[in-house]
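In: Please work out how this folds:
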Amino acid sequence: MTPQQQDYDIETIISNAPWFMDLPDDAKQQLIAAARVEKHAKNSFLYAAGDIALKVHCLIEGRLRAILTSPQGQEFGLDDFSPVTWVGEAMLFTDEREVLSLQFKEPGQTISLHRNVVLEIANKHPSIYRNILKSQIQRNRGMYRLMGGMLFYPLKSRLAWRILYFLKHYSYEADGGTYLDIQFSQQDLARLVFGSRQRVNKIFKHWGEQGIVIMKQKKYFIPDVNRLLEEANKIDD
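Out: Residues are numbered from 1 along each chain as shown. Down below sits the predicted model:
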């Protein structure tokens, strides 16, 4: 379901953060005192490729996309992060410039911590590094599965898997089916599946004729998720 708008408090977010779960109370209080809530406009960047990032962030509202950009300016959306996700951990291990861009696809807010504060506490409590490594391994596994799909699966399958992924995070049941409760243009989806808008449009036209994915109330409507899952598993067309 779509995350509900609510007032997140810094103490709860940091206390429940997987990175900081093993910290003693005094260390958590130090992080809480240093944390700040920041607002971000739609299409703004939390940081862009080539930046030297100085803060780690927890996304508490909005949707944040990780983007890989080619030297020719082509963009590929690797993943969309939803609340409550921590990002920016690479800067705790290296001073190198960012490789990916993180862009807000809708207005958002983050809880932000300066890297120096986190490093000071992490050097006293190395469990932070262990927990970040666990989180990074889990995220990388998802990234490897995604890249495998981009390399070996046909476009129709990639598009179906992307929609199924977003249904887990942004959906609601109504009218005997499932609505994707998030706005995507076909160009936007094309960037996420590494295809052209024209080919993505052709797939949606076919799905609409077959009653697999329908545009309804200006949202994508899936009457039967199992039929979309069948499309995702087709690797021979």
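
In: any idea what sits nearest E61, other than its immediate chain neighbours?
Out: Once flanking residues are discounted, E61 sits nearest to Q109: 4.3 Å by CB to CB, 6 or more residues apart in numbering. Heads up, the C-betas are built off the backbone N, CA and C, glycines and all.

In: so what's the residue located most distally from the centre of the chain scoring on pLDDT?
Out: The C-alpha centroid of the chain is most remote from D26, which lies 31.1 Å away (CA atoms, centre = their mean). For D26, the model assigns a pLDDT of 96.

In: In whatever helix or strand it lives in, which residues are buried?
Out: Element membership for D26 (DSSP states H and E) is helix 25-34. For helix 25-34, a neighbour-count test (16 or more other CB atoms under 10 Å) marks A27, K28, Q30, L31, I32, A34 as buried.

In: Reformat these as a markdown table; add distance to K205.
Out: Shown next, in a markdown table, are the buried residues of helix 25-34 (distance: CB to CB, whole Å):
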| residue | distance to K205 |
| --- | --- |
| A27 | 56 |
| K28 | 53 |
| Q30 | 56 |
| L31 | 51 |
| I32 | 52 |
| A34 | 52 |
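
In: Let me know the closest of these to S15.
Out: Nearest to S15 among the buried residues of helix 25-34, counting by CB to CB, is K28 at 5.9 Å.

In: So what touches the strand or helix carrying A190?
Out: Secondary structure from DSSP H and E places A190 in helix 186-193. Contacts to helix 186-193, defined as CB atoms under 8 Å, 6 or more residues apart in numbering, come from residues 75-77, 80, 105, 150, 155, 158-159, 162, 196-197, 199-201, 204.

In: which of the residues you listed count as buried?
Out: By 16+ other CB under 10 Å, the contacts of helix 186-193 give G77, D80, K105, M150, L155, R158, L159, R162, V200, F204 as buried.

In: need the contact list for I13.
Out: C58, I60, V84, I111.

In: Help me confirm that it is found in a strand?
Out: No - counting by DSSP: H, G, I helix; E, B strand; the rest coil, I13 falls outside a strand, being helix.

In: how far away is it from L113?
Out: Noted for I13: a distance of 11 Å to L113, by CB to CB, to the nearest Å.

In: what do you get for L192?
Out: Look at L192 and L113: by CB to CB, they are 29 Å apart.

In: Buried ones in stretch 156-174, by neighbour count?
Out: Quick answer for stretch 156-174 (16+ other CB under 10 Å): 156-167, 169-171.

In: and G142, backbone torsions?
Out: Main-chain torsions, G142, degrees, to the nearest 10: phi -60, psi -40.

In: re the thing from before, residues in contact with the helix or strand following the helix holding A190?
Out: Using DSSP H and E, the helix or strand that follows helix 186-193 in sequence is helix 197-210. For helix 197-210, the external contacting residues (CB under 8 Å, 6+ apart) are 155-156, 159, 186-187, 189-190, 193, 213-215, 227, 231.

In: Buried ones among those residues?
Out: Buried members of the contacts of helix 197-210, scored by 16+ other CB under 10 Å, are L155, K156, L159, Q186, L189, A190, V193, V213, I214, E231.
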